[in-house]
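Peer 1: sequence and computational prediction follow.
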Amino acid sequence: MNTIQQKGFHFKTFEAPYQSPFDKLFGVFKELITNTSGDFDEAIDWLRQLDVEYKLTTPEYTIDDFIEDLKKKGFIREELKPDGSGGMAITAKTERAIRQAALEQIFGNLNKSGSGNHKTKNGGSGDEHTGDFRDFQFGDTIEQISLTESLKNAQINNGIGEFKLTENDLIVEENHHKSQMSTVLMIDISHSMILYGEDRITPAKKVAMALAELITTRYPKDTLDILVFGNDAWTIKIKDLPYLQVGPYHTNTVAGLQLAMDILRRKRNTNKQIFMITDGKPSCVREKNGEYYMNSNGLDDYIVEKCYTQAAQARKLHIPITTFMIANDPYLQQFINKFTEANQGKAFYTGLKGLGEMIFQDYESNRKKKLK
């Protein structure tokens, strides 16, 4: 008897992929350790509370078993605290796992859907195809020739009976110009990043970790420097990101921009850019004598003029500034508009949702064209 094979769809009840007890808890732990700025004890306390409410563990595998596995797998280590007492701290292996999780959380859907990969109008000698075709020109390489389109053209022009392929039949597929990029990411750590009942610093940290992981794994020839700015500005290492916290600071945007430009002046790459994540107005500058001039009441003309000067200076150095304003105050948007105009850069007015996607899109777009 012949077996008839039927084609079509077979539906069944969804079954979630299997996760070991450790993997299930580790996913929650990575999120908690980010939100607690690397404080292991606080993260475990939160995990125990979540376990009580959501039954994350079983009698066969408890939170204590999970902690022992973290030790065995090298995700935590014993550490001597400043007060002399002992405790546990996360390792470099955990820091890397957190960055990978941030990359997947923020950019994973973009990679799967194909969105967020904005293309430029500028063709070049890169290796990413645009899908646009043109006639062959002197100087084009063999690798750029689309064989399928060229053969189709030859058939149309010369017929099948006496088939021949001439130079006039050749079709070239455009490629995106790709070049190395040096990026400085500025993160506002002024006190307003945790005011008004909204945690803005944690999403900013996640974006920074995701961008760092993206660049180091996918674009290793690019460079990424990260700096934070409050009353002053200073650089931090990628490994420091999970521990980043907001301080009792004002917002010295000028110091951040000056440091960012100093960093980029030393880079050999032609393409340079600054990404700035901020939620508040500039409220502080440091004078030449070392004293701070601060004013949190509205937009101080003296401070904002210094910001405009830095924006114009960056423009002279061919360094575009993209500002991601995670606040919707029309009053502050006026400042950002004028700041962006002085630099001829870009500005995005956004909440926390979608921040990572916007930065990803802009980074991908900018590195495929020559910034001027």
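Peer 2: Arrived safely.
Peer 1: could I get the full set of helices for this protein?
Peer 2: Along the chain, counting by DSSP state H, helices occupy 21-35, 40-54, 63-72, 92-113, 147-158, 201-218, 253-265, 301-316, 330-343, 355-366.
Peer 1: mind putting those in a markdown table, distance to Met186, mean neighbour count and mean pLDDT included?
Peer 2: Heads up, the C-betas are built off the backbone N, CA and C, glycines and all. Below are the helices of the chain laid out as a markdown table (distance: least, CB to CB, whole Å; neighbours: other CB atoms under 10 Å; pLDDT from 0 to 100):
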| stretch | distance to Met186 | mean neighbour count | mean pLDDT |
| --- | --- | --- | --- |
| helix 21-35 | 20 | 19 | 96 |
| helix 40-54 | 27 | 15 | 96 |
| helix 63-72 | 33 | 16 | 97 |
| helix 92-113 | 18 | 17 | 80 |
| helix 147-158 | 45 | 14 | 80 |
| helix 201-218 | 10 | 21 | 91 |
| helix 253-265 | 5 | 21 | 98 |
| helix 301-316 | 12 | 17 | 97 |
| helix 330-343 | 13 | 16 | 91 |
| helix 355-366 | 12 | 21 | 82 |
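Peer 1: Ser179 is nearest to which of those helices?
Peer 2: helix 355-366 (9.8 Å; CB to CB).
Peer 1: follow-up on the earlier one: to Gly247, which of the helices of the chain lies closest?
Peer 2: Of the helices of the chain, nearest to Gly247 by CB to CB is helix 201-218, at 10.1 Å.
Peer 1: so how far is the closest one from its chain's centroid?
Peer 2: Distance, stretch centre to chain centre, for helix 201-218: 5 Å (CA atoms, centre = their mean, to the nearest Å).
Peer 1: with only the CA atoms kept, save it in PDB.
Peer 2: Extracted C-alpha coordinates of helix 201-218, given in PDB (Å, rounded to 0.1, in the frame of the first residue of the first chain):
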ATOM      1  CA  ILE A 201      20.000  55.100  34.500                       C
ATOM      2  CA  THR A 202      19.400  51.300  34.200                       C
ATOM      3  CA  PRO A 203      18.100  51.500  30.600                       C
ATOM      4  CA  ALA A 204      21.000  53.800  29.700                       C
ATOM      5  CA  LYS A 205      23.500  51.200  31.200                       C
ATOM      6  CA  LYS A 206      21.800  48.400  29.200                       C
ATOM      7  CA  VAL A 207      22.100  50.400  26.000                       C
ATOM      8  CA  ALA A 208      25.800  51.100  26.700                       C
ATOM      9  CA  MET A 209      26.400  47.400  27.400                       C
ATOM     10  CA  ALA A 210      24.600  46.300  24.300                       C
ATOM     11  CA  LEU A 211      26.400  48.800  22.100                       C
ATOM     12  CA  ALA A 212      29.800  47.700  23.600                       C
ATOM     13  CA  GLU A 213      29.000  44.000  23.000                       C
ATOM     14  CA  LEU A 214      27.800  44.800  19.400                       C
ATOM     15  CA  ILE A 215      31.000  46.700  18.500                       C
ATOM     16  CA  THR A 216      33.500  44.300  20.200                       C
ATOM     17  CA  THR A 217      31.900  41.200  18.600                       C
ATOM     18  CA  ARG A 218      30.600  42.400  15.200                       C
END
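Peer 1: so can I have CSV of the helices of the chain showing distance to Val246?
Peer 2: Below are these laid out as CSV (distance: least, CB to CB, whole Å):
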stretch, distance to Val246
helix 21-35, 13
helix 40-54, 16
helix 63-72, 27
helix 92-113, 18
helix 147-158, 55
helix 201-218, 5
helix 253-265, 15
helix 301-316, 20
helix 330-343, 18
helix 355-366, 17
